[in-house]
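Student: heads up, no residue letters with this:
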């Protein structure tokens, strides 16, 4: 079992930056063996893929709407994954979730085994 806890959300003006963190814990959870992903759900819309990173951190993928603006990274020694969000736009407003997958890095939500509770990001124009 694993517990994922997101933090770092909040309110920011368009053009600003935020960094989200996701701390993982669990007595048998081997963090470095899991791919980690970030997803988001805008109000009234479906959940969408944002970014993912492989267990070792060497591979990353991004959703088209965030490429060039967001950066995913991880610190395996701290069991933590980050999402640096720059040049934020009002359309980035959403609840952001982190997730862990035993399988290889993927943009498909169905392959993720564990999910956090989410953190709200609000970008005002």
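Tutor: Arrived safely. Because the structure is predicted, anything quoted here is derived from the model rather than measured. Numbering: from 1, shown residues only.
Student: Excluding chain neighbours, what is closest to residue 88?
Tutor: Spatial nearest neighbour of residue 88, chain neighbours left out: residue 123 (4.6 Å); criterion: CB to CB, 6 or more residues apart in numbering. For the C-beta atoms, the positions are set from N, CA and C on the backbone; glycine is no exception.
Student: Quick check: which element contains the one you found?
Tutor: When elements are assigned from DSSP states H and E, residue 123 belongs to strand 119-124.
Student: Could I get the full set of strands for the chain?
Tutor: All strands of the chain, identified by DSSP state E, fall at 3-7, 10-13, 18-25, 35-41, 48-53, 60-62, 70-75, 80-85, 94-101, 114-115, 119-124.
Student: closest to residue 108 out of those strands?
Tutor: Relative to residue 108, the nearest member of these by CB to CB is strand 48-53, separated by 7.6 Å.
Student: Touching the closest one from outside, list them.
Tutor: Residues from elsewhere that reach strand 48-53, judged by CB atoms under 8 Å, 6 or more residues apart in numbering: 35-42, 59-63, 65-66, 70-74, 81, 83, 96, 101, 105-109.
Student: go again using 6 Å as the cut-off
Tutor: 35-40, 60-63, 66, 70, 72, 74, 105, 107 (CB atoms under 6 Å, 6 or more residues apart in numbering).
Student: Buried among the residues you listed? Make that a PyMOL selection.
Tutor: Remark: buried members of these, expressed as a PyMOL selection using 16 or more other CB atoms under 10 Å:
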select buried, resi 35+36+37+38+39+40+61+62+63+66+70+72+74+105
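Student: related to what we said a few turns ago, OK, contacts around the residue nearest to residue 88?
Tutor: Residues in contact with residue 123, defined by CB under 6 Å, 6+ apart, are 12, 14, 88, 90, 92-93.
Student: And residue 14, by the same measure?
Tutor: 89-90, 123, 125.
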